[in-house]
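Novice: Here's a sequence, model it:
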Amino acid sequence: MTAPAELLLRSMRPSGRVRVMLPASKSISNRLLIMGAVCGGAVEAENLSTSDDTRYLREALKSGKREIWLGHAGTALRFGLAWAAVTPGERFLHGSARLSERPVAPLVEALRSLGADISCPEKEGYAPLLVRGKKLRGGTVDLDAAVSSQFITALMLIGPVLEGGLELRLSGEIVSEPYLRMTARLMRMAGADVSFRENLIRIANTGYAETCIEVEPDYSAASYFYAAAAFNRNLETELPGLPEKSLQGDAAVAEIYRRFGVETRYTARGALLMPGEVLDDRLQFDFLACPDLAQTVAVTAAGLQKPFHLTGLQTLRIKETDRISALAAELTKCGVSCKASDRELTINGFSEISATPRIRTYDDHRMAMAFAPLAAVFGEIIIEDPEVVSKSFPDFFREIKKAV
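Specialist: Numbers count the residues shown, from 1 in each chain. Now for the predicted structure:
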């Protein structure tokens, strides 16, 4: 059956209380998969994500095939590259056209400095990648922490199986630092010896201990229901299993959305989103630590017609699409005046629109999910290429219909 080219999402303006089922965190899932793969399966995961990204990585790790297709999955490429470098055998990692545009040069260079055999048949520093895996010695690696936390995480995950361990010296401003802290915490839960102080990460050659870790629901996915709650103040939203004390940096969404009038009450069953006091002041926030929330928050501010200044967006240029440009273009269709730069986005004006917004998604799951809650504002919205959400949240549209 051919996937629909577009989806017309109409608002039902629900009231009372709804129960939304979130997917498991793909960030946690993918880390646990690599940890298990490099230690012979000692680390196991319960409640793995059903996202495309996790499925591609899981298939790659267990297929035994030379040729590994990774679709759009940037995380699977970066983590999978580190795994392939320390796992005997030859592997050819490739994926979609967009995946081949996403840089991996810092990780390639770091792995080569540890003795990895990696070549780039088409363009240096980009997929496709030919990797001849072997046992690697550890050592000290210098990395620019201002580019992508995934390069650092990929190296951290293999650190416990490197002879002599691994020392990572980070330079520059650390982007997405909570993701690195999450990696370190998961590794410690599996018996690894990890030290993370300021810009220095040390990992001992201890391997991983036999353990089983349950994957939390995804806080990034929860953000879209926070947005829906901000638009509909007659609704309470239950998010079963969402923990107050989370491994995920995107748990910051709860505090951010207090500014938009959404309160979070945690219970033994999970989280409950409830109407709260709306703050009327001009808003600003730095997304350096949680860039995956930026699109959702920008769209929420636009829907509520609140001027908002977003900073710390520099990593958004190298995501599934150039998210800063994509945000600015699609917000304009929604009557929003905004100004964008390489690191910032300012929402500063609003006007009426005469037609249902038609949102282009740019092969980016978060563009589709961030704009979908605007159905509650405009009455309806058209999302192009809706199947793109399968990258992280295959059941997204079934669940968001409950809340808009």
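
Novice: and M156, what element?
Specialist: Assigned by DSSP states H and E, M156 falls within helix 149-158.

Novice: Following the chain onward from that helix, which element is next?
Specialist: Tracing the chain C-terminally past helix 149-158 and defining elements by DSSP H and E, one meets strand 163-171 next.

Novice: Grab the CA positions of that following strand and hand them over as PDB.
Specialist: Extracted in PDB, the C-alpha atoms of strand 163-171 (Å, rounded to 0.1, in the frame of the first residue of the first chain):
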ATOM      1  CA  GLU A 163      42.800  -1.900  25.500                       C
ATOM      2  CA  GLY A 164      44.100   0.600  28.100                       C
ATOM      3  CA  GLY A 165      40.800   2.400  28.300                       C
ATOM      4  CA  LEU A 166      40.000   5.800  26.800                       C
ATOM      5  CA  GLU A 167      40.500   9.500  27.700                       C
ATOM      6  CA  LEU A 168      38.500  12.100  25.800                       C
ATOM      7  CA  ARG A 169      39.600  15.700  26.100                       C
ATOM      8  CA  LEU A 170      36.800  18.000  25.000                       C
ATOM      9  CA  SER A 171      37.400  21.500  23.600                       C
END
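
Novice: Next, the angle from it to helix 149-158.
Specialist: 160 degrees (axes from the mean of the first three to the mean of the last three Cα atoms, to 10 degrees).

Novice: which other helices and strands contact strand 163-171?
Specialist: Counting contacts by 3 or more Cβ pairs under 8 Å, 6 or more residues apart in numbering; DSSP states H and E, strand 163-171 packs against strand 137-144, helix 149-158, strand 200-203. The way it works is simple: take the backbone N, C-alpha and C, and place the C-beta from them, glycine included.

Novice: Now mean pLDDT and mean neighbour count too, for the ones you listed, in TSV please.
Specialist: TSV is the format used below for the helices and strands packed on strand 163-171 (pLDDT from 0 to 100; neighbours: other Cβ atoms under 10 Å):
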stretch	mean pLDDT	mean neighbour count
strand 137-144	95	16
helix 149-158	96	26
strand 200-203	98	19
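
Novice: Compare the ones you listed and give me the one nearest S171.
Specialist: Each of the helices and strands packed on strand 163-171 has some distance to S171 by Cβ to Cβ; the shortest is strand 137-144, at 5.6 Å.

Novice: Pairing partners for that closest one, with directions?
Specialist: Counting by DSSP bridges, the strands paired with strand 137-144 are strand 163-171 (parallel).

Novice: I appreciate the help and will end here.
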